[in-house]
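> task: produce atomic coordinates for the following.
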Amino acid sequence: MIKSVYAGRVLIERFIPEAKSAKGYILPTDSDEAILVGEVVYVGEEATKTSVGDTVVFDEFDHREINLEGKILVIAKEETLICKVEKRNEGH
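Residues are numbered from 1 along each chain as shown. Model prediction:
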């Protein structure tokens, strides 16, 4: 397993977001579309705006992907992250 991430980089566990309609129906996603979302699992010492547990959208070109123990992990510079996604409460 990865012990640390250097400088202003973050380690992200990539996942496929579940698309739901306003009424809660699960919608199919287009498999050709790049899915660039994940949960931050480790933050480098110089990364100051991102925390473990944040859900983030990352840039298509400014990251490295590795497959480790069956998980797709992404190493990205914090400055290249596009945004954090706030988790919505059920029923809101």
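> hey, what's the spatially most central residue of the chain bridged with?
Nearest residue to the geometric centre of the chain (Cα atoms, centre = their mean): G38, 1.9 Å. Going by DSSP bridges, G38 is paired in beta bridges with R14, V56.
> quick one: the strands in the protein?
Along the chain, the stretches classed as strands by DSSP state E are 9-14, 19-20, 26-27, 37-43, 55-58, 63-68, 71-77, 81-85.
> send the alpha carbons of the last one over as PDB?
What follows is strand 81-85 as a C-alpha-only set of coordinates in PDB (Å, rounded to 0.1, in the frame of the first residue of the first chain):
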ATOM      1  CA  LEU A  81      -8.300  19.500  -8.900                       C
ATOM      2  CA  ILE A  82     -11.300  21.100 -10.500                       C
ATOM      3  CA  CYS A  83     -13.700  21.100  -7.500                       C
ATOM      4  CA  LYS A  84     -15.000  19.500  -4.400                       C
ATOM      5  CA  VAL A  85     -18.400  17.900  -4.500                       C
END
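> so for that strand, what's the average pLDDT?
The average pLDDT for strand 81-85 rounds to 92.
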